[in-house]
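1. next input, structure requested:
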Amino acid sequence: MGIRSRAFAQPGLLAVGALSAAMVLGLLQADHIRAQTAAPTIAIPADATFLNGDSWQASASPGSATNSYRLYGVQSCLRGTSVMAEGQRRDCGEISMVYLAGLARLGRPQCRAVAESTSPRQTLVICRATLGQQEVDLGQAMIAVGFAFAAYAPNGEPVALAYVAAEELARKEKAGLWRYADLPHPTPILLGALKQRGSIPRAN
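-> The predicted model follows:
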């Protein structure tokens, strides 16, 4: 089940506004983002339904068809996996999802389509959001503060090298989900499932 951004109201769970400027400065203008200036912009509307920490559904206008979107090169913590957070067992994917919903609410991202996937059918997007006085790459911001991870292709190669650098920074800083010793990192889970089954399942 998704979460609508207007229902984001869990101040005790995550300090959404407490972004570390030091963690996102220098990660704002990756080459793969500069190349997407020609595509039309896509807003994340206030009534978007977030599926996890990298994907959401939204309609372009009231009454129109619902489309699915995913942050290009970003992998959320998986729904159904858990961490011991502040003394409670919590769903890791839901923590990622709540953080993305919070950033979307605060930063009002504008996105550009870069590709389409067919299984599931989604528009892959790169988004920019304004957080404080900085315009940031939403995917890199999610990864740099430790609430998402760099996505990898089925062959084990990273989708976006800039995101790998952001993840390494978050890991070293023990930011976000990295502060939990039992963090269920999604990459080995997904690549392990691919090796066993021949395809990567999507856990929403």
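2. and the next helix or strand past the longest helix seen in the chain?
-> The single longest helix within the chain, with elements called by DSSP state H, is helix 92-107. Reading on from helix 92-107 to the C-terminus, the next helix or strand found by DSSP states H and E is strand 110-118.
3. need the contact partners of that following strand.
-> With contacts defined as CB atoms under 8 Å, 6 or more residues apart in numbering, strand 110-118 is touched by 36-37, 39-44, 69-70, 72, 122-129, 138. The C-beta positions use only the backbone N, C-alpha and C, and glycine is treated the same way.
4. what about the spatially most central residue of the chain, distance to Phe147?
-> Closest residue to the average C-alpha location of the chain: Asp54 at 3.4 Å, with CA atoms, centre = their mean. To Phe147, Asp54 is 10 Å away according to CB to CB, to the nearest Å.
5. shared neighbours, those two?
-> In contact with both Asp54 and Phe147: Ser96, Leu100, using CB under 8 Å, 6+ apart.
6. shaky segments in this structure?
-> Scanning the chain for pLDDT under 70 picks out the ranges 1-39, 60-63, 198-204.
7. how about the strands in it?
-> For the chain, the strands defined by DSSP state E cover 3-4, 41-43, 49-50, 55-59, 66-71, 74-75, 82-85, 88-91, 110-118, 121-131, 134-137, 149-150.
8. burial of Trp178, as a residue count?
-> Trp178 has 18 neighbouring residues, counting by other CB atoms under 10 Å.
9. ok, Cys92 touching Ile189?
-> No: between Cys92 and Ile189 there is no contact, the gap being 10.5 Å when judged by CB atoms under 8 Å.
10. where do the contact lists of the two overlap?
-> Going by CB under 8 Å, 6+ apart, residues that sit against Cys92 and also against Ile189 are Leu78, Thr81.
11. between those two, tell me which one has more neighbours.
-> In this view Cys92 and Ile189 are compared by other CB under 10 Å, and Cys92 has more residues nearby, 26 against 16.
12. spatially nearest residue to the more buried one (excluding sequence neighbours)?
-> Spatial nearest neighbour of Cys92, excluding adjacent residues (CB to CB, 6 or more residues apart in numbering): Cys77 at 3.8 Å.
13. next up, the contacts around the one you found.
-> Cys77 touches 52-53, 92-93, 95-96, 147-149, 177, 183-184, 186, counting by CB under 8 Å, 6+ apart.
14. and if you look at Gly139?
-> By CB under 8 Å, 6+ apart, the neighbours of Gly139 are Asp54, Leu71, Tyr72, Gly73, Val74, Ile126, Cys127, Ala148, Ala160, Tyr163.
15. among those, who's most crowded?
-> Ala148 (33 neighbours).
16. that one is in contact with Leu100, isn't it?
-> Yes: between Ala148 and Leu100 a contact is recorded at 7.4 Å, counting by CB under 8 Å.
17. need the overlap of contacts for those two.
-> Common neighbours of Ala148 and Leu100 (CB under 8 Å, 6+ apart) are Gly53, Asp54, Ser76, Met142.
18. take the residues you listed and keep only those in helices.
-> Residues of the shared contacts of Ala148 and Leu100 located in helices (DSSP H): Met142.
19. brilliant, that's me finished.
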